[in-house]
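[1] Here is my input, please return the structure:
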Amino acid sequence: MAEPVTADLELWPIGNCQVSALIDRDAAIVWGCVPRVDGDPVFCSLLNGDRSEAGVWRFELEDQVSARQEYIRNTPILVTRLEAEDGSAVEVLDFCPRFEGKGRMYRPVAIGRIVRPVSGNPRIRVVLRPMKNYGAQIAATTNGTNHVRYLVGPQALRLSTDAPVGYILEQRSFRIEDDTHFFLGPDEPFAGNLREEIRRMEQATRKYWQQWVRGLATPFEWQDEVIRCAITLKLCQHEETGAIVAALTTSIPEAPHSQRNWDYRYCWIRDSYYTVQALNRLGALDVLEKYLGYLRNIVDAAKGGSIQPLYSVMGESELDETTAAYLAGYRGMGPVRRGNAAYKQIQHDCYGQIVLPTVQGFIDRRLLRMADERDFESLEEVGEMAWRMHDQPDAGLWEFRTRQEVHTYSAVMSWAACDRLAMTAEWLGKQERADLWRERADVIRARIEEEAWVENGEEGGHYGASFESDYLDASLLQMVELRFLSPDNERFQSTFAAVERHLRRGDFMLRYAAEDDFGKPETAFNVCTFWLIEALHLAGRDEEARRLFETMLSHTTRSGLLSEDLDYESSELWGNFPQTYSLVGVINCAGLLSKPWSQVR
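    Residues are numbered from 1 along each chain as shown. Sure thing, here's the model as predicted:
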């Protein structure tokens, strides 16, 4: 039996926009939920403490001494080479099928794996032990000649394979002398020749992703990094509805033993706004189009009322927060949470984050479905909420659980909602509506300038994180991105100086330094470091911005990705993974700092 290993975030995502899985450095699937990202984690070894033998699917090579991994270029198809002491080696190829066929996208709840002998006489042991009910028990099995059924819930998973089924059931080592195929998917007989079908699926999946990447407008520099982040952001979209989840995991702590363990497998309106904004810059309109459809359904369900900060990928509004009693947590640092109580919170920035991406639907002629008059009427209802709530207390974008204030970021987002509605109304020739929204935007602007500004003597003053207090948070740097201020605005420059002075920790940035519900933050928030890099660029400090950007890239996993947080002393990654916010930061900063293509074309 393999020695238990300490879990870390050196993980490689695979997926098909229906299901996803995280694979560790030895080709073990240690995290994966069915039938979708917020479902039961049948592979939960990542959060199973020292019970790493359960909730896992791995291929153990006898006397293994090394492993190396890489994605097939411009795809989320992973190849892991495992080598043994005697020189024997195998390659494991992992993918989730995704390709067009019969007039639709084929993206089943399935994982394909091919184990290929590449040298010597390798012997492997297949450990496939999915669990059910959030780690409560290992799934029972039934089997036939060429398949095993895993009873993980109401819908079983079926493994179809040309490996000896008895060896798999008894976890016996066996010599692997030819390519061996595994397809874990729906509980139905595998149609066609297993070997030929899995190979055909992998080739079609490879072609799909490489064609998708071919359509991206990447910057000249850091192309590989941007492409990997773009592919991973797309994997975070549940294509059936268009929802985009904040991360693929739950309950990886923001800092060791901090209890800051949250379930991020849901669609935050805020995070999704930043995701589609970044992908728009690369021309990935398919993600935007799907997401706009999701937003229209959210707005319809709200019927002109308040919008929640987050919903399930199916648009479910009640996400009751409970704990999974049978999972010990990442490195034993529980609790493992299922659901997120933040859905009950009031966060007024969400109105702006619905309006801003939706506006593109009225203007961008490339879209398959252009927004119409009825869509504008619905959007105005969202704008009405932004207008009514712009100066009302909320939990803010950092989701404080025990206090409410009028957060400056929320007020600026409400201003942005009114500002963009005015712009859209002008575009549509609705001058009367444009005048109304412009007047409201001006009122909100004046209120922010009066209530959020903090005079600070010799330091020149700064905007506060809220109307009621003078503490700082990194979201104030977004005032330029949202076009509330210009980079040369004196108040912005003074605020940037104050934010950098109080929140910067070496090469990294805290979201805030003030104590919150769980004490003082212990780790840097990765997207805030990218906001710092953007602000440095706007301030004309490009050399420093590039240096910090390269530093952040040096802290990515081997898969080229980032989690939510980073220990600014040890540089270890913490928080849920892969985190959309952080990947957005890579894309945005690469676009800002890259040399232009005109230098090489």
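[2] need the helices for this structure, in chain order.
    Using DSSP state H, the helices of the chain run over 165-170, 194-214, 223-235, 269-281, 285-302, 350-363, 373-389, 408-427, 431-451, 478-481, 490-503, 526-538, 542-554, 580-593.
[3] Now mean neighbour count, distance to Phe400 and mean pLDDT too, for those, in TSV please.
    For every residue, glycine as well, the C-beta is placed using N, CA and C. Converted to TSV, the helices of the chain look like this (neighbours: other CB atoms under 10 Å; distance: least, CB to CB, whole Å; pLDDT from 0 to 100):
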stretch	mean neighbour count	distance to Phe400	mean pLDDT
helix 165-170	14	49	97
helix 194-214	17	39	98
helix 223-235	22	27	98
helix 269-281	23	14	97
helix 285-302	19	23	95
helix 350-363	23	15	96
helix 373-389	19	17	96
helix 408-427	25	12	98
helix 431-451	16	19	98
helix 478-481	20	18	96
helix 490-503	19	17	96
helix 526-538	25	16	97
helix 542-554	16	26	98
helix 580-593	25	18	98
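[4] looking at these, which is closest to Val79?
    helix 194-214 (10.8 Å; CB to CB).
[5] hmm, who's touching the closest one?
    Here helix 194-214 makes contact (CB atoms under 8 Å, 6 or more residues apart in numbering) with 16, 72-77, 93, 95-101, 112, 114, 146, 160-162, 179, 181, 183, 190-191, 227, 230-231, 234, 284, 286.
[6] ok, back up a step: pipe the helices of the chain into CSV and attach distance to Asp40 per row.
    Compiled in CSV, the helices of the chain are given as follows (distance: least, CB to CB, whole Å):
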stretch, distance to Asp40
helix 165-170, 22
helix 194-214, 25
helix 223-235, 19
helix 269-281, 23
helix 285-302, 23
helix 350-363, 28
helix 373-389, 34
helix 408-427, 35
helix 431-451, 44
helix 478-481, 37
helix 490-503, 39
helix 526-538, 29
helix 542-554, 34
helix 580-593, 22
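[7] Quick one: closest of the ones you listed to Glu572.
    The nearest among the helices of the chain, by CB to CB, is helix 526-538 at 12.3 Å.
[8] Let me know the angle separating the closest one from helix 542-554.
    With axes from the mean of the first three to the mean of the last three CA atoms, to 10 degrees applied, the angle from helix 526-538 to helix 542-554 works out at 160 degrees.
[9] other SSEs contacting helix 526-538?
    Helices and strands touching helix 526-538, by 3 or more CB pairs under 8 Å, 6 or more residues apart in numbering; DSSP states H and E, are helix 478-481, helix 490-503, strand 508-509, helix 542-554, strand 565-566, helix 580-593.
[10] Just give me how far it sits from the chain centre.
    Offset of helix 526-538 from its chain centre (CA atoms, centre = their mean, to the nearest Å): 19 Å.
[11] Out of the helices of the chain, which gets nearest to Gly560?
    For Gly560, the closest of the helices of the chain is helix 223-235, at 4.0 Å, according to CB to CB.
[12] Give me the angle between that closest one and helix 285-302.
    Using the same axes, to 10 degrees: helix 223-235 against helix 285-302 is 30 degrees.
[13] 45 is where my numbering starts, stick with that
    In the new count, where the first residue is 45, that last one comes out as helix 267-279.
[14] Now do helix 267-279: which elements does it pack against?
    strand 56-59, helix 238-258, helix 313-325, helix 624-637.
[15] Is it possible to get a markdown table of the ones you listed that adds distance to Trp442?
    A markdown table is the format used below for the helices and strands packed on helix 267-279 (distance: least, CB to CB, whole Å):
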| stretch | distance to Trp442 |
| --- | --- |
| strand 56-59 | 26 |
| helix 238-258 | 34 |
| helix 313-325 | 11 |
| helix 624-637 | 12 |
